[in-house]
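In: Starting from these lines, generate the structure:
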Amino acid sequence: MKSLALSTRKTLALFFVTIALLAIFVFHFEASVKETKSQCFANGLCLVVSLNITKWRGNTRVSMLAYMTNDKNANTSVTPLNADVPFLRWASFSVGHCGSGFPLIFALFTGYYSSVKSLSNAQPVYVFNPTSIMMCPALFNVSKIVFEPNSDKALLFYGNYTKGIAYMCVTFPPQTGLVLIYPQRSECVPRTIQGYWSQDGKFYPFSHENYTLVVIDLLNQSVILHFNG
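Out: Numbering: from 1, shown residues only. Okay, here's the model as predicted:
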């Protein structure tokens, strides 16, 4: 009888230890979800957006990289976004205070939005600290961007002159510091954020709600992705 009681106690102890270890494992378990969405258009240019969401210890980390590539067997020329293109106001929430001369613009919103049209009156959240001092790169008047065939490599033109080679990509900016407008391929890497900022510089970690990420390219064409914090 004593042997049976002892065996029962050992079984129960082992059961509770297993439950405790399982709870610790689940709490510390890192879950990662990656989604890539692309849109290719008649001119041969494709807009590709990759989003990676990692949840670990109750925290959510989100990394993003968006880029343009030419899917045609010939050069494709485009002009940068003009001031009258809708939604350029989003740039100040994502790429910083440096102006709207960026080849790609993106914005992050709290809530679920299914189309760019539904976002016309929505307010983005800051993906950097807006109260920080941000170093702005020199802004040049790029008159034309020519994508090489079957490539994400592009030539930049200032007037009639070629001024350099760049890759059309954008990611989350650093909390403070330089934001690259026309980066090189080695600089087209995803950057991670764990939340967003308010206008007064208060940080909010991602919570258990829906978020919408929209990316707009040089031709005002867009890709929308969603995630849950």
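In: By mean pLDDT, flag the weakest helix or strand of the protein.
Out: Here the helix or strand of the chain ranked lowest by mean pLDDT, DSSP states H and E is helix 2-28, holding a mean of 52.
In: following that one, which helix or strand comes up?
Out: Later in the chain than helix 2-28, the nearest helix or strand by DSSP states H and E is strand 31-40.
In: Parallel or antiparallel, which strands does the helix or strand just after that following strand pair with?
Out: Later in the chain than strand 31-40, the nearest helix or strand by DSSP H and E is strand 45-56. Sheet pairing of strand 45-56 (DSSP bridges) gives strand 31-40 (antiparallel), strand 59-70 (antiparallel).
In: And those: which comes nearest residue 128?
Out: Taking Cβ to Cβ, strand 59-70 is the member of these nearest to residue 128, at 13.2 Å. (Glycine included, C-beta is placed from N, CA and C.)
In: chain center to the closest one: distance?
Out: Here strand 59-70 is found 4 Å from its chain centre; the criterion is Cα atoms, centre = their mean, to the nearest Å.
In: Would you mind listing the buried residues in that strand?
Out: For strand 59-70, a neighbour-count test (16 or more other Cβ atoms under 10 Å) marks 60, 61, 62, 63, 64, 65, 66, 67, 68, 69, 70 as buried.
In: With stretch 188-196 instead?
Out: 188, 193, 195, 196.
In: what's the most distant pair in those residues?
Out: With Cβ to Cβ as the measure, no two of the buried residues of stretch 188-196 lie farther apart than 188 and 195, at 23.5 Å.
In: circling back to that earlier point, could I get the strands paired with strand 45-56 as a markdown table with distance to residue 149 and mean pLDDT?
Out: Formatted as a markdown table, the strands paired with strand 45-56 follow (distance: least, Cβ to Cβ, whole Å; pLDDT from 0 to 100):
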| stretch | distance to residue 149 | mean pLDDT |
| --- | --- | --- |
| strand 31-40 | 15 | 87 |
| strand 59-70 | 6 | 91 |
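In: can you redo those as CSV with distance to residue 79?
Out: Output for these, formatted as CSV (distance: least, Cβ to Cβ, whole Å):
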stretch, distance to residue 79
strand 31-40, 19
strand 59-70, 13
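In: Quick one: closest of those to residue 205.
Out: Once the strands paired with strand 45-56 are compared by Cβ to Cβ, strand 59-70 is nearest, at 6.7 Å.
In: Report the distance from the helix or strand just after the closest one to the chain centre.
Out: Using DSSP H and E, the helix or strand that follows strand 59-70 towards the C-terminus is strand 76-78. Here strand 76-78 is found 24 Å from its chain centre; the criterion is Cα atoms, centre = their mean.
In: List the contacts of residue 221.
Out: Shown in contact with residue 221 (Cβ atoms under 8 Å, 6 or more residues apart in numbering): 39, 41, 47.
In: So which of those is surrounded by the most neighbours?
Out: residue 47 (23 neighbours; other Cβ atoms under 10 Å).
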